[in-house]
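**Student:** Here is a sequence together with a model predicted from it:
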Amino acid sequence: MDTVFLNGTVGAGKSTIAAALSVLMTESGRHHAVIDLDHIRRAWPAPEGDRFNHELELLNLRDLVVNYRNAGIEHFILAGVVEQATEVPRFEAALKSRGLLLCRLDADGATLIRRLSLRHADNPTELDWHLRRAGELAAFLQRAAIDHVVVDASGDAPMVTAREVMQKAGW
Ligand SMILES: Nc1ncnc2c1ncn2[C@@H]1O[C@H](COP(=O)(O)OS(=O)(=O)O)[C@@H](OP(=O)(O)O)[C@H]1O
Ligand SMILES: Nc1ncnc2c1ncn2[C@@H]1O[C@H](COP(=O)(O)OP(=O)(O)O)[C@@H](O)[C@H]1O
């Protein structure tokens, strides 16, 4: 297992848990990289039919991974969204992965609302979008049931959640 892909709805804690996992990997002396997929797909305009720039995200990931691997990186921690099972092999190919754990972070509705209300306190339009998308995507991901494991991320201690993810990955 060389990759943990933290999947989950908006506000579930993907970026936060990715950062906490990185702390644990550093403490145990393991070479790793964190890639927040939001950052490598953020471009405007998105092509028609690909509103989240998924194709660009995969192309960018493939190129970044070459550099990381040349620099001696052995483990990857990704934060992002996978909605379809058919995309998992495409991520594995981009990563040249020897094993990817798709781990969905799950947080209850009240927790999502609380987190997003704080994170988007300065922009009511963005808050509305994220709240709506959070519910919609949470329901979709739960129904799709494509994740290898699901970890509860409603707690207030990211390191506790990250330890559970580490254990599931066998890291
Ligand atoms: N299918 C899919 N693929 C990728 N990302 C997804 C998807 N569905 C929702 N999201 C989440 O949507 C949130 C908004 O992203 P952006 O602010 O970049 O919006 S946009 O892409 O410009 O529309 C952003 O959430 P936050 O990370 O909480 O801001 C994305 O993670
Ligand atoms: N375990 C946690 N405890 C407290 N706050 C959290 C926790 N996980 C995430 N948050 C907060 O909730 C918000 C959403 O988390 P974030 O990691 O940005 O989610 P995502 O990447 O899934 O959209 C952030 O403001 C973050 O600081």
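**Tutor:** Yep, that arrived. Ligands and ions are numbered 1, 2, ... in the order given.
**Student:** could you give the mean pLDDT of stretch 125-134?
**Tutor:** Mean per-residue pLDDT for stretch 125-134: 98.
**Student:** cool, stretch 111-120 as well?
**Tutor:** pLDDT averaged over stretch 111-120 gives 98.
**Student:** Tell me if that stretch is near ligand 2.
**Tutor:** Yes - Stretch 111-120 reaches ligand 2 (C-beta under 6 Å from any ligand atom) through 115, 118, 119. Bear in mind the C-beta positions are built from the backbone N, C-alpha and C, glycine included.
**Student:** Out of the residues you listed, who's the most crowded?
**Tutor:** In terms of neighbours by other C-beta atoms under 10 Å, the residues of stretch 111-120 next to ligand 2 top out with residue 115 at 19 neighbours.
**Student:** Does that residue lie in a helix or a strand, and which?
**Tutor:** Applying DSSP states H and E as the criterion places residue 115 in helix 109-119.
**Student:** which helices and strands does the biggest helix by length in the chain pack with?
**Tutor:** In the chain, taking DSSP state H as the definition, the longest helix is helix 124-144. Contacts defined by 3 or more C-beta pairs under 8 Å, 6 or more residues apart in numbering; DSSP states H and E place helix 124-144 against strand 100-106, helix 109-119.
**Student:** which of those sits most buried?
**Tutor:** strand 100-106 (a mean of 22; mean count of other C-beta atoms under 10 Å).
**Student:** how far off helix 124-144 does that one point, in degrees?
**Tutor:** 120 degrees (axes from the mean of the first three to the mean of the last three C-alpha atoms, to 10 degrees).
**Student:** Check whether stretch 140-151 comes into contact with ligand 1.
**Tutor:** No - using C-beta under 6 Å from any ligand atom, stretch 140-151 never reaches ligand 1; the gap is at least 8.7 Å.
**Student:** now the end-to-end length of that stretch.
**Tutor:** Counting by C-alpha to C-alpha, to the nearest Å, you get 17 Å between the two ends of stretch 140-151.
**Student:** in that stretch, what counts as buried?
**Tutor:** In terms of neighbour count (16 or more other C-beta atoms under 10 Å), stretch 140-151 has its buried residues at 141, 146, 147, 150, 151.
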